[in-house]
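Participant: please find the sequence and the predicted model below.
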Amino acid sequence: MQRVHFIAIGGAAMHNLAIALSKKDDYEITGSDDEIFEPSLSRLREHGLLPKETGWFPEKVTNHLNAVILGMHARADNLELLRAKELGIKIYSFPEYLYQQTRSKTRIVVGGSHGKTSTTAMILYVMNKLRFKADYMVGAQIEGFENMVQLSYDSRVAVFEGDEYLTSPIDPRPKFHLYKPHIAILTGIAWDHINVFPTFDNYVDQFRKFVDTMEIQGRLIYYGGDEILNDIAQNCRQDLIVFPYKTPKYVIRNGITYVKTGKDEVALKIFGEHNLQNMEAARLACRQIGIMDDKFYEAISDFTGASNRLQKIVEKPDRVAFKDFAHSPSKLKATVRAVRKQYPERTLIACMELHTFSSLNSDFLPQYADSMKEADIAYVYYNPEVIHHKRMEELDPDKVKRAFGGENLLVFTDTNLLQEKLKSLNYENSALLLMSSGNFSGINLSEFAGKLLAT
């Protein structure tokens, strides 16, 4: 029996790993956290893994444990962590443990500043439809998958979303440096996480190091339209085999995107050049493990996207609404452009929330220049209380407006005023785009969009 204890079990990735391990007959899982929110709360309760009370309890850490898995939410002085060190128990970070569990498997790792989740989801969706068994870790819910993490004894392939953020409170390496892929995908590089990587060059270096961690004679699949990725690929180890990709040929007819596959066309449920690029990367990765193009296109044709990634939440004959996780400049620009091209005759109303550390940093704001210019109406929202909670400098709404640019843009710092403004608009022949890694200070986006587009 393997006894594993999770420190900070309530994290998005951590609780999924805990659930995955609990499904194995020979694993006994325990965990602690000082705060657990939905959906982690309900899912841990459903699987009998919810701690009886919140907080840290060093008495839970005993010599009976085989391993402790440390989440990013914990601190270096965590009482349970200190106890584990004292007892000499093996301590893993989340990515370390995934690697240990998949050392004998072919590992596919998807990295990049944008598109990681969608590309990983596409690979897994195709595998699932073709009954190709794989271990995996992905950062969003996917149709047909109960959990965001899966570990098994009999699969020969593992597919991981490769996050460049830090590994754990005691390990400052980016997570994706620990996976050692046989097949790596890099979707593009655009500066992010400036609280950890203070300069763009420092950020780019993490991707160079990632490529250098690849297994001998690994396959590097990368977007050839990115100058930085081209430089990385041209100067990588000589044993690596590189596969650049580009946007596949496509056409849009009656609001549906068709990808051209030689003489044929395949109708897709997804749209936007960034999603087509993600699909191309997924196709090349699948080909490396024996999934041929005809089977890939047949499977991907009804893929609607990962949760919160350009997810359609309302559709009526003359109006449509999407929600999207876009918050960084590159993601924001790609998402707005995708909806603009898909619905060129409709009024595009784009609303986004500054919510992450980078997006709320005044020095980073200029990166957002012209990112929403293709929208007819653009709103930017941020909550000053979030800035205060993060102990950051206050933002001037006028500075935010100047940074984004464009006469079509208004800035809001009160969610009620933003909601009233959105309620006042005419949604005839429109496309509404709600973008945030949060929820605009408490809005249920699907319900709200449904009410907006009902009038």
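Facilitator: In hand now; what should we look at? Numbering: from 1, shown residues only.

Participant: make it CA atoms for all contacts and neighbour counts henceforth
Facilitator: Will do.

Participant: quickly find the element holding residue 42.
Facilitator: Assigned by DSSP states H and E, residue 42 belongs to helix 40-46.

Participant: okay, now the unreliable bits of the stretch 51-200 of the chain?
Facilitator: Applying pLDDT under 70 to the stretch 51-200 of the chain flags no residue at all.

Participant: buried set for the helix holding residue 42?
Facilitator: 40, 41, 43, 44 (16 or more other CA atoms under 10 Å).

Participant: now the helix or strand where residue 402 lies: how far from the chain's centre is it?
Facilitator: For residue 402, the element it lies in under DSSP H and E is helix 397-404. On the basis of CA atoms, centre = their mean, to the nearest Å, helix 397-404 is displaced by 27 Å from the centre of the chain it belongs to.

Participant: what residues does it touch?
Facilitator: With contact meaning CA atoms under 8 Å, 6 or more residues apart in numbering, helix 397-404 is reached by 365-372, 409-413.

Participant: now those residues in TSV, with neighbour count, secondary structure and distance to residue 23?
Facilitator: Shown next, in TSV, are the contacts of helix 397-404 (neighbours: other CA atoms under 10 Å; DSSP: H, G, I helix; E, B strand; the rest coil; distance: CA to CA, whole Å):
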residue	neighbour count	secondary structure	distance to residue 23
365	20	helix	44
366	17	helix	47
367	16	helix	44
368	21	helix	44
369	17	coil	47
370	14	coil	48
371	22	coil	44
372	28	coil	45
409	19	strand	49
410	19	strand	49
411	21	strand	47
412	19	strand	46
413	18	coil	45
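
Participant: which of those residues lies closest to residue 435?
Facilitator: residue 372 (11.3 Å; CA to CA).

Participant: phi, psi of the residue nearest to the spatial centre of the chain?
Facilitator: The centre of the chain sits closest to residue 117, judged by CA atoms, centre = their mean, with a distance of 4.2 Å. Backbone dihedrals for residue 117, given as degrees, to the nearest 10, come out at phi -60, psi -50.

Participant: pull the number of nearby residues for residue 205.
Facilitator: Residue 205 has 12 neighbours, counted by other CA atoms under 10 Å.

Participant: state the helix or strand in which residue 330 lies.
Facilitator: If you go by DSSP H and E, residue 330 is part of helix 329-342.

Participant: which helices and strands sit right next to that helix?
Facilitator: Using 3 or more CA pairs under 8 Å, 6 or more residues apart in numbering; DSSP states H and E, the elements in contact with helix 329-342 are helix 273-288, strand 347-353, strand 430-435.

Participant: for the ones you listed, which one sits closest to residue 305?
Facilitator: helix 273-288 (9.0 Å).

Participant: in the closest one, which residues are buried?
Facilitator: Result for helix 273-288 [16+ other CA under 10 Å]: buried residues 273-286.

Participant: this completes my enquiry, with thanks.
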